[in-house]
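Novice: A predicted structure for the sequence below; I have some questions about it.
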Amino acid sequence: MKVLIVESQADLAVIWQRHLERMGMSVSCASGQAEAIAHLGEHKTDVIIMDLVLTEGSALAVADYASYRLPEAQVIFVTNTSFFSDGSIFRHATNACAFVQSGTPPEDLAAMVEHYGTESPSDGVA
């Protein structure tokens, strides 16, 4: 399974990356919108873990691009804010499959990635 982490806080991205790699997943990281879109334009991705509030760019723009370029890729949004706490993120990003707090234990996040990544694989997508 191929995972892209889009997170402005490099330390947090590394923690998530290590947990996912221990489960045998191939993980790439991007710190903002430009990096994420460049990655998605060239690499198959099954699941995207993305901070809703990026230092550079817009998470919703990345999710929108992913829905066009990799329609089967699932997006797990993470946040440490109360934005979209009413669940409306699922109306704004059709590829959103989960919305959790940034403080979610890494092993729980990894279990969600495993679940959503195997639920709808993007085999055959370049």
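Specialist: Great, that's in hand.
Novice: buried residues, the helix or strand of the chain with the lowest mean pLDDT. List them.
Specialist: Least confident helix or strand, the chain: helix 89-92 with a mean of 75, by mean pLDDT, DSSP states H and E. Buried residues in helix 89-92, counted by 16 or more other C-beta atoms under 10 Å: Ile89. In short, each C-beta sits where N, CA and C put it, glycine included.
Novice: what do you get for stretch 64-71?
Specialist: 64, 66-67, 70.
Novice: mind putting those in CSV, pLDDT and distance to Ser102 included?
Specialist: Below are these laid out as CSV (pLDDT from 0 to 100; distance: C-beta to C-beta, whole Å):
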residue, pLDDT, distance to Ser102
Asp64, 95, 22
Ala66, 96, 20
Ser67, 93, 23
Leu70, 95, 24
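Novice: for this structure, which segments are assigned as helices?
Specialist: 10-22, 33-42, 59-69, 89-92, 106-119 (DSSP state H).
Novice: I'd like to know which of the ones you listed has the weakest mean confidence.
Specialist: The minimum mean pLDDT among those belongs to helix 89-92 (a mean of 75).
Novice: contact partners of that helix?
Specialist: Outside helix 89-92, the residues that touch it by C-beta atoms under 8 Å, 6 or more residues apart in numbering are 52, 60, 77, 84, 96, 99.
Novice: repeat that for 7 Å
Specialist: 60, 77, 96, 99 (C-beta atoms under 7 Å, 6 or more residues apart in numbering).
Novice: relative to Cys29, which of these is nearest.
Specialist: Nearest to Cys29 among the contacts of helix 89-92, counting by C-beta to C-beta, is Phe77 at 16.1 Å.
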